[in-house]
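Visitor: Here is a sequence together with a model predicted from it:
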Amino acid sequence: MNKQFEINNKVVIITGGAGMLGTRYANLVCDLGGIPIIIDIDKDKINKVVKKLKKKNINSFGYSANIQNESEIIKIKKLIIKKYKRIDILINNAALTAKGMSNKGSDFFKALEEYPLDLWEKLIDVNLTGHFICSKIFGKNMIKNRSGIIVNVSSEIGLISPDKRIYKGIKNPYSKGPLNNPPPYSATKAGLIQMSNYLSIKWAKYNVRVNSFCPGGVFDNHDKKFVKRYSNLVPMGRMAFKDEYLGPIAFLISNASYAINGKTLVVDGGKTSW
Ligand SMILES: NC(=O)c1ccc[n+]([C@@H]2O[C@H](COP(=O)([O-])OP(=O)(O)OC[C@H]3O[C@@H](n4cnc5c(N)ncnc54)[C@H](O)[C@@H]3O)[C@@H](O)[C@H]2O)c1
């Protein structure tokens, strides 16, 4: 049974792999026997993460790149193929998040009627187009090998609208500004689900499976008032722990989910069931 979760020597690309959850997915890949390849825009964070990963799997590697830059991703693909010969699994996890954008000014949190067009486009470029680019470039190698798995990391917010009332008057844990789930973030997360559906049908004949993953909010030193309000929206009555998604990701990237294709795994304590 446990063998179903093994991904021995599989080459697993994790975009945003130097972030809070991506780092955990990279460690998970090592624990399951795979080789994590991190792509992240933050070079300093990559170096720190890869140094630790190499203690678990010497072949782990990191590339600094912007996923919205197609020519950078093509270059990286060539380097990966030269070094590892193949690409087995892609976790499209990078995103401009509330955490990453909090200290970049409060425009990120503006209401739709005030939202700056350039910021809307930036989010679409990274959170959606970036994943299209990575799926296109890395997916070609999977098609060639007639084998591959892609997981698009969406969010429960890709399925339902965020309840803006829970953010009213709360402190942002990452900066002095406001905090909420802005309009383009939800739109990109919804778009990823449809991109998974689309690709899963087109690429099934090449033995490439594509699924979406919709996690709920992870507790990260949030304001107590916010935690209480968020938890009230969750039938299980709490936010997620940082390691809570390791099981679902292990399932999606391994043979344990062998016949699951074009589906959305929602892990949100039941928040979207109400
Ligand atoms: N943390 C949560 O509560 C939560 C809930 C639901 C969904 N998610 C999703 O899970 C994923 C990981 O979230 P996280 O909490 O670890 O976020 P995070 O902000 O800690 O990590 C995101 C990573 O993406 C990288 N990144 C940003 N733009 C990039 C670009 N253009 N090119 C390459 N890398 C880029 C960042 O440098 C960062 O390391 C995201 O897709 C997020 O939307 C998170």
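Guide: Sure thing, it's come through. Numbering: from 1, shown residues only.

Visitor: Regarding residue 270, what are the backbone dihedral angles?
Guide: Phi and psi for residue 270, reported as degrees, to the nearest 10, are phi 100, psi 10.

Visitor: Can you tell me the closest non-neighbouring residue to it?
Guide: Nearest residue to residue 270 in three dimensions, chain neighbours excluded: residue 235, at 3.5 Å (CB to CB, 6 or more residues apart in numbering). (Each C-beta comes from the backbone N, C-alpha and C, glycine too.)

Visitor: Tell me which residues touch the one you found, please.
Guide: Shown in contact with residue 235 (CB atoms under 8 Å, 6 or more residues apart in numbering): 269, 270, 271, 273, 274.

Visitor: Now those in JSON lines, please, with extra columns for secondary structure, pLDDT and neighbour count.
Guide: Shown next, in JSON lines, are those (DSSP: H, G, I helix; E, B strand; the rest coil; pLDDT from 0 to 100; neighbours: other CB atoms under 10 Å):
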{"residue": "269", "secondary structure": "coil", "pLDDT": "98", "neighbour count": "20"}
{"residue": "270", "secondary structure": "coil", "pLDDT": "98", "neighbour count": "14"}
{"residue": "271", "secondary structure": "helix", "pLDDT": "98", "neighbour count": "24"}
{"residue": "273", "secondary structure": "helix", "pLDDT": "97", "neighbour count": "9"}
{"residue": "274", "secondary structure": "coil", "pLDDT": "89", "neighbour count": "8"}
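
Visitor: Just put those in JSON lines and tack on distance to residue 102.
Guide: Output for the contacts of residue 235, formatted as JSON lines (distance: CB to CB, whole Å):
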{"residue": "269", "distance to residue 102": "24"}
{"residue": "270", "distance to residue 102": "28"}
{"residue": "271", "distance to residue 102": "22"}
{"residue": "273", "distance to residue 102": "29"}
{"residue": "274", "distance to residue 102": "28"}
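
Visitor: Quick check: which element contains residue 72?
Guide: Using DSSP states H and E, the element containing residue 72 is helix 70-84.

Visitor: Tell me which helix or strand comes right after that helix.
Guide: As assigned by DSSP H and E, the chain's next helix or strand after helix 70-84 is strand 89-92.

Visitor: so after that following strand, what's the next helix or strand?
Guide: Defined by DSSP H and E, the subsequent element after strand 89-92 is helix 98-101.

Visitor: Next, work out how far apart the residue nearest to residue 73 when sequence neighbours are not counted and the ligand are.
Guide: Nearest residue to residue 73 in three dimensions, chain neighbours excluded: residue 137, at 4.9 Å (CB to CB, 6+ apart). The gap separating residue 137 from the ligand is 13 Å, by CB to the nearest ligand atom, to the nearest Å.

Visitor: what's in contact with the helix or strand harbouring residue 137?
Guide: Using DSSP H and E, residue 137 sits in helix 130-145. For helix 130-145, contacts defined as CB under 8 Å, 6+ apart pick out 13, 15, 39, 66-70, 73-74, 77, 81, 86-88, 90, 92, 94, 148-150, 152, 192, 195, 199, 203, 206, 208, 210.
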